[in-house]
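J.: generate a structure from the sequence data that follows.
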Amino acid sequence: MLTLLLLSSLVSAKTLPATQFKSTQNFINKMVKEHHFNQNELLLIFSTIELTAADKTKKKTKKVKKPRKKPMAWDKYSSLFLTQERIQNGVKFWHDNIATLKRAETTYNVPIEIIVAILGIETSYGHNKGTHPTLETLAKRAFGNYRRRNFYKKELESFLLMSRENAIPALAIKGSYAGAMGYPQFIASSYRHYAVDFNQDGKIDLFSNPIDAIGSIANYFDKHQWHDFGEIARPISLSSTHLKYAKRSTNKPKKNAKYWRDKGLDIDTDIPNKTKLAFVRLPQQKIDETYLTFWNFYVLTRYNHDNRYAMVAYQLSKKIKQQFNSNNH
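T.: The predicted model follows:
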């Protein structure tokens, strides 16, 4: 019986070239028809990727709701990024790329420290760009039994278009375990929509060119309607009555300061009545931290939808700027 079970598990784990999956064949046909790719070339590159055969035939089963994982406490999350090493390396990156960063700030009105902080969080200023073959990552998620496979099919389509548009061999590209790439860890659709040739050498390169990466991050925030040099967030103490207004999920500013004042919230007097605000809670083991947030905080969540990410980007940016200014006095 044990031998049979072992054999059964080996069979279920059998892998096949992606080209033997009907979904892959349909995808290739679509790329040929809609985007005029060479069918033989696509068959060749997808034949190098193996998928689990069990995913090919797996029947739909009734979804069982899994209990939600408790998010990492904010104090622990922030301690992973707000390190002295990351701050010092951010200051060094700023010094090493000062002319480009100033040009990006002038062009897009996105503060230098925000651009630097994003690069620090995403790839430690380009040192950890990921080692996973991106085509394989996207194909496994697009054609396997993956929850968001429709999203990844679209990303795979964007990836192949991006590869062709920038003359980068698809099989040579590596990135994160989820398919994000280059200095800023753009997904393929973001690469195509927001990446810019900031050094004007005729090509866009986010893999080895920090100049293009700097301009692309600034352009990303500009296209998501960053308010020029606008405020991002402030700590705020909320009463138990008002705590319900502070969300642990993304909270877009929709109501203005006057609305919140009329609700009884103690909004700082220097904030004009017409300014739209939102409130977020960052979970901690004991008492959650609460913040009043402006539009630009919401824009930071367009890069990563986690409030903790946006807040750590903001706080890291402040620490880097403070250290940079201190070193230059």
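J.: next one: L119 from I320, what distance?
T.: 10 Å (Cβ to Cβ, to the nearest Å). For every residue, glycine as well, the C-beta is placed using N, CA and C.
J.: could you do Q39 as well?
T.: For Q39 relative to I320 (Cβ to Cβ), the value is 49 Å.
J.: same check, this time on K286
T.: Separation of K286 from I320 (Cβ to Cβ) stands at 28 Å.
J.: settle it for me: which of the two has more neighbours?
T.: Legend: neighbour count by other Cβ atoms under 10 Å for K286 and I320, higher for I320 (24 against 6).
J.: who's in contact with that one?
T.: 87, 90-91, 94, 113, 116-117, 120 (Cβ atoms under 8 Å, 6 or more residues apart in numbering).
J.: and which of these is nearest to S23?
T.: Proximity of those to S23 (Cβ to Cβ) peaks at G120, which lies at 38.2 Å.
J.: and that closest one, how many neighbours?
T.: G120 has 24 neighbouring residues, counting by other Cβ under 10 Å.
J.: any idea of the pLDDT on it?
T.: Turning to G120, the model gives it a pLDDT of 98.
J.: so which helix or strand takes in it?
T.: Assigned by DSSP states H and E, G120 belongs to helix 112-123.
J.: who touches the helix or strand encompassing K153?
T.: Using DSSP H and E, K153 sits within helix 149-165. Residues from elsewhere that reach helix 149-165 (Cβ under 8 Å, 6+ apart): 27, 30-31, 35, 37, 42, 134-135, 138-139, 141-143, 146, 168-170, 173, 179, 187-189, 191-192.
J.: and those residues, which are buried?
T.: 27, 31, 37, 42, 134-135, 138-139, 141-143, 168, 170, 173, 179, 187-189, 191-192 (16 or more other Cβ atoms under 10 Å).
J.: now do the same contact list for the nearest residue to H242 once chain neighbours are set aside.
T.: Closest residue to H242 apart from its sequence neighbours, by Cβ to Cβ, 6 or more residues apart in numbering: L265 at 5.6 Å. Residues in contact with L265 (Cβ under 8 Å, 6+ apart) are 236, 238, 242, 245.
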